[in-house]
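J.: Build me a structure from this.
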Amino acid sequence: MERRRVERRHAQRRLDVDFDDVIYGVHAVEEALAAAESLRTIHVAQERRRDPALRKLLTAARERRIFVKFEERPFFTRFPYKAHQGVIAFGTPFPYASLDEVLVRKDGPLLVVVLDHVTDPHNVGAIVRTAECAGASGVVIPERRAAGVNATVRKAAAGASAHLPIARVANVADAIRRMKKAGVWVAGAQTDPESIDFMQADFNRDLAIVIGAEGAGLAQLVRRECDYLVKIPTLGKVESLNASVAAGVLLYEAVRQRRSAAASAP
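T.: Numbers count the residues shown, from 1 in each chain. Next comes the predicted model:
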């Protein structure tokens with residue numbers, strides 16, 4: 001881990017870039033183009049210049065007049081990403097939404113995911129991807145001691161970060177209080193004696209699902225702010241699910257309940 005951090009710092013000094021402004025991978029860059037994100041340049045491996053899989057990406061870049069430069073392999077070895085697929089784009093800092101923008105009601109009840117200091121960018125990216133697929137209203141993350149929307153998050157989100165409002169807040173507990181004042185119910189994912197089975201919880205309402213940090217779970221202050229706690233039963237020997245898997249289970253339980261209610265409505 002320490003060696004990777006050193007290599008990353010050295011690469012950053014050589015390239016003089018902010019790695020949070022980098023988007024890498026074919027799908028992530030395609031989605032950034034589709035969402036009209038501000039991209040400065042796109043670098044593509046010379047060997048993929050005539051690759052049919054990149055036709056859509058290159059056409060979109062040309063239409064938006066974004067400079068595309070074809071690079072030899074050594075260019076990509078200077079980056080700390082192994083899954084770049086020969087495509088790296090330089091953009092601008094991620095355009096975070098405000099909490100008010102996340103709470104804009106569109107079709108049906110609100111569905112917000114709040115991440116309480118989730119530090120693994122792969123987990124954050126996977127949660128963003130699942131939230132977008134589930135039709136969530138947005139994601140809320142803290143400014144400190146958590147993964148922000150960097151290149152790894154964008155890659156793991158497979159382009160979903162370009163289509164879903166993501167708010168970054170100074171204090172998660174304060175953000176929860178603001179949501180509750182706006183009429184949003186808050187369900188914290190936590191395996192406690194008082195937690196209820198997630199399938200018995202009411203998710204067919206304006207809802208925020210709070211996912212805690214890997215291993216530590218919800219912070220005490222955040223836990224106290226939740227209206228109720230929900231748990232996902234585990235039938236094996238491992239006590240808890242990965243944060244992104246837990247988020248996916250709860251999000252799609254909300255989808256199931258809402259569809260069921262809509263189908264039974266007169």
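J.: could you say what helices and strands the helix or strand containing residue 68 packs with?
T.: Per DSSP states H and E: residue 68 is located in strand 67-71. Judged by 3 or more CB pairs under 8 Å, 6 or more residues apart in numbering; DSSP states H and E, the packing partners of strand 67-71 are strand 39-45, helix 55-63. The C-beta positions use only the backbone N, C-alpha and C, and glycine is treated the same way.
J.: Need those in TSV (columns: mean pLDDT, distance to residue 116 and mean neighbour count).
T.: Formatted as TSV, the helices and strands packed on strand 67-71 follow (pLDDT from 0 to 100; distance: least, CB to CB, whole Å; neighbours: other CB atoms under 10 Å):
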stretch	mean pLDDT	distance to residue 116	mean neighbour count
strand 39-45	92	32	19
helix 55-63	93	36	15
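J.: Out of the ones you listed, flag the one nearest residue 97.
T.: Nearest of these to residue 97, taken as CB to CB: strand 39-45 at 19.1 Å.
J.: Neighbouring strands of that closest one in the sheet, and parallel or not?
T.: Within its sheet, and counting by DSSP bridges, strand 39-45 is paired with strand 67-71 (parallel), strand 87-91 (antiparallel).
J.: Off-centre distance for the helix ranked longest in the chain?
T.: Among the segments of the chain that qualify as a helix by DSSP state H, the longest is helix 243-264. Relative to its parent chain, helix 243-264 has a centroid offset of 18 Å by CA atoms, centre = their mean, to the nearest Å.
J.: Tell me the buried residues in it?
T.: 243-244, 246-251, 253-255, 257-258 (16 or more other CB atoms under 10 Å).
J.: now stretch 117-128
T.: 117, 118, 120, 121, 123, 124, 125, 126, 127, 128.
J.: can I get these in TSV with secondary structure?
T.: As requested, those are exported to TSV (DSSP: H, G, I helix; E, B strand; the rest coil):
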residue	secondary structure
117	coil
118	coil
120	coil
121	helix
123	helix
124	helix
125	helix
126	helix
127	helix
128	helix
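J.: quick check, nearest of these to residue 198?
T.: Residue 198 lies nearest to residue 127 out of the buried residues of stretch 117-128, by CB to CB, at 16.0 Å.
J.: where's that closest one relative to residue 138, distance?
T.: Separation of residue 127 from residue 138 (CB to CB, to the nearest Å) stands at 12 Å.
J.: Might you list the low-confidence residue ranges for this protein?
T.: For the chain, the stretches flagged by pLDDT under 70 are 1-20.
J.: again, only using 50
T.: 1, 6-8, 10-14 (pLDDT under 50).
J.: domains of it?
T.: For the chain, automatic domain parsing gives the domain ranges 11-91, 99-264.
J.: Out of these, which is the most enclosed?
T.: domain 99-264 (a mean of 18; mean count of other CB atoms under 10 Å).
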